[in-house]
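Enquirer: Need a 3D model of the sequence below.
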Amino acid sequence: MSQAEASTPTDPDAVRFRDAGEAALVVEFGARVDPALNARVLALDAALAQDPVAGMLETVPTYRSLMIHYDPLVLDRDALAARVGGLLDRPPAGSRPGRTWTLPCCYDPALAEDLAEDLGAVADWAGLAPADVAARHASGTYRVYMYGFAPGFAYLGGLPEALAIPRRRTPRPPHPANALLVGGGLAAVATVPMPTGWYVVGRTPERLYSEARPQSFLVEPGDGLRFEPIDAATFAALEARAARGEILARRDP
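Expert: Next up is the predicted model:
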């Protein structure tokens, strides 16, 4: 019996198969944001990449699920589910080890409007001085759970509990590219200017997404991110280097 079949409906971590239209199968591993669940998603994604099924078109990992797009004229849904169930019964495949990146980040009020003294929504909510909010944010090691919403938009777990401010009730005007965001207990690194319900607490000169690079996305789900505070003058200098295509982030061995 497969792991999916053996799980009971009342088990919060039961593996569930759900159809997304007639050409996609979603494999759910639970109902929460959790590193262990996300690791199972990435392990299944790696297993399918190593042993692909004819007719499978694309896989899309999220916090807690893997969406598998397939051609129903080539691959039967039940056959795909059976293949996935067989992979779940195997010992976890050796997925790519997550890397840890350190990104420079500036928390100067000119680049972090929601830390500014007069508009410090996050600082006011947390009951902390803006400098303390910046220090808390920079103290964490964040997990890249997934990309979504916009090209290269990285959703991060690991935000310190003291900064878990709810998202805005209404979206704010477009923020700059490469803004560091918090909201709803999560963190994010934006890549393009756009309206958002998140709060801006800083900015990195690094580009997590660049069409000019052979690999457009710098980091991958399962990687870790740390933020290294820099001042406004250093940000300006690094911003110019990043604009010329230089990768600024340091990758741990």
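
Enquirer: Can you classify Ile165 by secondary structure?
Expert: coil (DSSP: H, G, I helix; E, B strand; the rest coil).

Enquirer: tell me the phi and psi of it?
Expert: The phi and psi torsions at Ile165 (degrees, to the nearest 10) take the values phi -70, psi 140.

Enquirer: What is the burial count for the closest residue to it other than its chain neighbours?
Expert: Leaving aside its chain neighbours, Ile165 sits nearest to Trp125 (4.7 Å; criterion: C-beta to C-beta, 6 or more residues apart in numbering). Any C-beta I mention is one placed from the backbone N, CA and C, and that applies to glycine too. Per other C-beta atoms under 10 Å, the neighbour tally for Trp125 reads 16.

Enquirer: Look up how far Leu44 lies from Trp125.
Expert: 37 Å (C-beta to C-beta, to the nearest Å).

Enquirer: Likewise for Phe235?
Expert: Per C-beta to C-beta, Phe235 is found 39 Å from Leu44.

Enquirer: now Leu159
Expert: 26 Å.

Enquirer: So which of these two has more stuff around it?
Expert: The residue with more neighbours, out of Leu159 and Leu44, is Leu44; 24 against 20, by other C-beta under 10 Å.

Enquirer: Can you spell out which helices and strands pack onto the helix or strand hosting Arg40?
Expert: If you go by DSSP states H and E, Arg40 is part of helix 35-50. Applying 3 or more C-beta pairs under 8 Å, 6 or more residues apart in numbering; DSSP states H and E, one finds that helix 35-50 contacts strand 56-61, strand 65-70, helix 77-89, strand 142-147.

Enquirer: what comes into contact with the first one?
Expert: Contacts to strand 56-61, defined as C-beta atoms under 8 Å, 6 or more residues apart in numbering, come from residues 38, 41-42, 45, 48-49, 66-71, 75, 80, 146, 221.

Enquirer: Most neighbours among those residues, which one?
Expert: Ile68 (27 neighbours).

Enquirer: what bridges to that one?
Expert: On the basis of DSSP bridges, Ile68 is bridged to Leu25, Thr59.
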